[in-house]
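Asks: predicted model and sequence below, questions to follow.
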Amino acid sequence: MSSNARALLAELDRATRPVVQAVADLRAVREQWGDLLAAIERPPAAQWPPRECAGFLDQLAAADRAEGDLEPSAARVGRLPLTLREHPAPLNLDALDAALEVERDLFDLADQIAEQVQRPIRPARDHTGRYRVDQDDATNPARWHYAAPNAPGSRAYGLHWAAVWIEGRVCGEDLDGDLFATMPPRLLEHAVAVAARARRTVERALERDGRTTHLDTPCPWCGGQLVGRTRPGGEPVVTCSTGEGCGAPAALDRGRRVWRGAELVGLWAAMDAARNREE
Ligand SMILES: [Zn+2]
């Protein structure tokens, strides 16, 4: 590759990286939103690592579907924004606060984006020649509708739709018509920051924000302290604190022996063998 092509690729990468990151963050928020709503109705978990709740969520989703088949209105209530819903007795107030914060931030962001890049509703003339609101334009489903004192606007469709709509603007979708304009750089920067914060808030409330724990068993090769970490959306990683002096058959990462993914099996086996030797 010529140096020109390399420079161009680097430039492209710099330009698109914030967009790619914002899209990943918005999707992570959407994908974990159901878990957060479910967490509001459960007492907070006290143990580390966070208990596995996939089975519980599967049951919840199945119950939702069954309900939706019988009674479409019940399924719609599930999409209602939290701000419009009753929470008579939330069991996990941290989860409720996190969800309310994320919902408010993304709704506000959608308002701000709409103000700057969405064309206002255009006027049309009726048969008497008087100007009135163009109804087709006003009810265009691609639009973000602001909340009014007596109507929630697009907020009625819940956080999921807000996140999808924001993603469309961040990615520059639907720019061929005249409804949306390109996001100005400052607004894009703001959207990237809000999306990242929303994801952090959701993952912290769900205890998926990257915890660190000191393992009780020492490194089988050097006797050093082993540290386990879970990362948001990533695999668990174990690091030996000794550094390069540790003779473990594991890759070095920033001067430390590191086990991740399938390599953890080897580490567990060695820890087991060391424990058995002691006994
Ligand atoms: Zn070690």
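Replies: Perfect, I can see it now. Numbering: from 1, shown residues only.

Asks: isn't L37 right up against A98?
Replies: No - counting by CB atoms under 8 Å, L37 sits too far from A98 to count as a contact (10.8 Å). C-beta coordinates here come from the backbone N, C-alpha and C atoms, glycine included.

Asks: neighbour count: the two, which is higher?
Replies: A side-by-side neighbour count of L37 and A98, using other CB atoms under 10 Å, places A98 first with 22 against 18.

Asks: pretty sure the more buried one contacts R208?
Replies: No - at 11.8 Å, A98 does not count as touching R208 under the criterion of CB under 8 Å.

Asks: just the pLDDT at the closest residue to G243 other than its chain neighbours, thanks.
Replies: Here the nearest residue to G243 in space, its sequence neighbours aside, is G255; by CB to CB, 6 or more residues apart in numbering that works out to 5.3 Å. At G255, the model reports a pLDDT of 91.

Asks: quick one: G255 and P220, what's the gap?
Replies: Using CB to CB, to the nearest Å, G255 is found at 19 Å from P220.

Asks: higher neighbour count, the two?
Replies: Applying other CB under 10 Å to G255 and P220 shows that P220 carries more neighbours, namely 20 against 9.

Asks: where are the low-confidence patches of the stretch 101-250 of the chain?
Replies: Counting by pLDDT under 70, the stretch 101-250 of the chain contains low-confidence ranges at 231-235.

Asks: swap in 80 and give it another go.
Replies: Applying pLDDT under 80 to the stretch 101-250 of the chain flags residues 207-213, 230-236.

Asks: for the protein, what lies in contact range of the ion?
Replies: C219, W221, C222, G224, C240, T242, C246, A248 (CB under 5 Å from the ion).

Asks: which ones among these are found in strands?
Replies: C240 (DSSP state E).

Asks: format the residues of the chain next to the ion as JSON lines; extra columns: neighbour count.
Replies: What follows is the residues of the chain next to the ion, written out as JSON lines (neighbours: other CB atoms under 10 Å):
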{"residue": "C219", "neighbour count": "24"}
{"residue": "W221", "neighbour count": "18"}
{"residue": "C222", "neighbour count": "16"}
{"residue": "G224", "neighbour count": "19"}
{"residue": "C240", "neighbour count": "25"}
{"residue": "T242", "neighbour count": "20"}
{"residue": "C246", "neighbour count": "18"}
{"residue": "A248", "neighbour count": "20"}
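
Asks: mind listing which of the residues of the chain next to the ion are in helices?
Replies: The members of the residues of the chain next to the ion all map outside helices under DSSP state H.

Asks: can you list the residues of the chain next to the ion in a markdown table and add distance to T182?
Replies: Formatted as a markdown table, these follow (distance: CB to CB, whole Å):
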| residue | distance to T182 |
| --- | --- |
| C219 | 53 |
| W221 | 55 |
| C222 | 55 |
| G224 | 53 |
| C240 | 49 |
| T242 | 52 |
| C246 | 52 |
| A248 | 51 |
